[in-house]
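1. Pasting the sequence and the predicted coordinates here, then a few questions.
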Amino acid sequence: MGKRKIEIKKIEDSTKFQIMFSKKRDSLIKKACEISILCDVDMALVIFSAHGRLYEFCSCARLQFD
């Protein structure tokens, strides 16, 4: 059995929204870390929450932007 398709829409309930945001944020940071290790690349990820809070991930101590 495969996963069933879900409709993508904004979550109106603030409690459900916060739970989903935390889970998705953590998953995204984990994937960024995995990609940086597997592909031997430097990676930076910046996430701003709906309330303006900053979350960041950097795979190395020094990143250079062109």
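-> Yes, it's here.
2. what about the helices in this structure?
-> Remark: helices assigned in the chain by DSSP state H are 14-38.
3. Might you report the residue contacts of the most centrally placed residue in the chain?
-> By C-alpha atoms, centre = their mean, the chain has its centre lying nearest to residue 28, at 2.9 Å. Listed by C-beta atoms under 8 Å, 6 or more residues apart in numbering, the contact set of residue 28 reads 45, 47. Where you see a C-beta, it was placed from the backbone N, CA and C, and this is true even at glycine.
4. oh, and call the first residue 57 from now on, that's how I've got it
-> New numbering, starting at 57: the last item is residue 84.
5. any idea how far residue 78 is from it?
-> Distance of residue 84 to residue 78, given as C-beta to C-beta, to the nearest Å: 11 Å.
6. Residue 61 too?
-> Distance of residue 61 to residue 78, computed by C-beta to C-beta: 23 Å.
7. got it, and residue 88?
-> 16 Å.
8. Neighbour count for these two, which is higher?
-> Per other C-beta atoms under 10 Å, whichever of residue 88 and residue 78 has more neighbours is residue 88, with 16 against 12.
9. where in the protein is pLDDT low?
-> Flagging of the chain using pLDDT under 70 yields the residue ranges 57, 117-122.
10. shouldn't residue 113 be in contact with residue 99?
-> Yes: using C-beta atoms under 8 Å, residue 113 is in contact with residue 99, at 7.5 Å.
11. what's the overlap in contacts for these two?
-> Common neighbours of residue 113 and residue 99, counting by C-beta under 8 Å, 6+ apart, are residue 88.
12. buried ones in stretch 88-98?
-> 88, 92 (16 or more other C-beta atoms under 10 Å).
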